[in-house]
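In: Prediction below, plus the sequence it came from.
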Amino acid sequence: MDTTNNQALELSAVLKVLGSKRRIKLAADALSVEPQVLYDFLVANDVDLSDLNLTVTDRARYGFQHWEDSGTSLVAAAAEIGTTRTVLGSTLNRLGLYLSGKRTRTGPEDIERAVTDVTQYIMTKGGSIPDALRSLGLSISEATVRNRLREKDIDLAPYFYAYRRYNDWLVLPGMPQYKYENDKLLRCRCLRCGKEFDVLYNNLASGKSKCCINCASNCNRAVRVLETGENYSSMRSAASATLVSYTALRTGLAENDECSVDGFTFQLAA
Ligand SMILES: [Zn+2]
């Protein structure tokens, strides 16, 4: 940091100028210093930059060298400036900058932050620890994360299959049940009727089961439209003939044998 240059700056005057100008460059021009010098001055004086309403582009451009020097990851840098990893990544990309995120030593804070990020990621999106580390762009080792999770008594195994979508099945968090030799049961929600069932993984993955047995049989039952007196061999053909939404019809007939959609009354055949 160039101290001779910084001595020319006075904190209150700098903050006053920044209060009226959102762009670092404009404020720096007004103060007759280089933008990077102004930014470094703010950081050196512990100014809370989030109060200044600076643009993401400015914070990316002038914060870059600090992050790079301290080995800050893209995720951590994004969190620091209150944006997402995607936005910061594309902003840096536009500026021709690339954050390597390489730190010589991984400190306890880095581990703690990584474990928190991985936990949150897996609990909301499902998947494995290596998947989460890759998606989050974290260079910390899987073993380190696992050890810390064990210490904290956090078990992410029930989320491994969670939130996967197989046709109209959504896998719910929970441990698979190994009742069969070559397959496992996963707790799933049928998205047509909202009810929960245990479904064999092989049937989900192969597409043999697309929804619960009630919904599957309803979909193939004949449907009568009361207003027109017409009969259709399935919900899909009834929906396309009357131009109503198939999803709306399917949902309507999931619980009851009769429902109204868009002025038509649909009745499942007995
Ligand atoms: Zn169902």
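Out: Structure's in. What do you need? Predicted model, so just to flag it, every value in this text is computed and none were measured.
In: what's the domain layout of this protein?
Out: Using automatic domain parsing, the domain ranges for the chain come out as 3-94, 108-159, 165-210, 220-268.
In: Throw these into JSON lines and include distance to S100, mean neighbour count and mean pLDDT, thanks.
Out: From N, CA and C alone the C-beta is placed, and that goes for glycine too. Compiled in JSON lines, the domains of the chain are given as follows (distance: least, C-beta to C-beta, whole Å; neighbours: other C-beta atoms under 10 Å; pLDDT from 0 to 100):
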{"stretch": "domain 3-94", "distance to S100": "7", "mean neighbour count": "16", "mean pLDDT": "81"}
{"stretch": "domain 108-159", "distance to S100": "9", "mean neighbour count": "16", "mean pLDDT": "93"}
{"stretch": "domain 165-210", "distance to S100": "35", "mean neighbour count": "16", "mean pLDDT": "93"}
{"stretch": "domain 220-268", "distance to S100": "47", "mean neighbour count": "16", "mean pLDDT": "90"}
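In: quick one: which of those domains is nearest the ion?
Out: With C-beta to the ion as the measure, domain 165-210 is the member of the domains of the chain nearest the ion (3.2 Å).
In: Show the end-to-end separation of the closest one, please.
Out: Start to finish, the residues bounding domain 165-210 are 10 Å apart (C-alpha to C-alpha, to the nearest Å).
In: That domain vs the ion: in contact?
Out: Yes. Residues of domain 165-210 are located near the ion by C-beta under 5 Å from the ion, namely C190, R192, C193.
In: and those, which of them are in helices?
Out: Among the residues of domain 165-210 next to the ion, no member falls in helices (DSSP state H).
In: for the residues you listed, which one is nearest R85?
Out: Taking C-beta to C-beta as the measure, R85 lies nearest C190 of these, at 34.3 Å.
In: beta partners for the closest one?
Out: W169 (DSSP bridges).
In: Against K210, how distant is it?
Out: Computed as C-beta to C-beta, to the nearest Å, the C190 to K210 distance reads 9 Å.
In: Pull up the overlap in contacts between those two.
Out: Shared contacts of C190 and K210 (C-beta atoms under 8 Å, 6 or more residues apart in numbering): D168, W169.
In: before we move on, back to that, could you export the residues of domain 165-210 next to the ion as CSV, including distance to G89?
Out: As requested, the residues of domain 165-210 next to the ion are exported to CSV (distance: C-beta to C-beta, whole Å):
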residue, distance to G89
C190, 38
R192, 38
C193, 41
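In: now the helices for the protein?
Out: For the chain, the helices defined by DSSP H occupy 3-7, 11-20, 24-31, 35-44, 56-70, 74-80, 85-94, 108-125, 129-136, 142-151, 201-206, 213-219, 235-242, 246-255.
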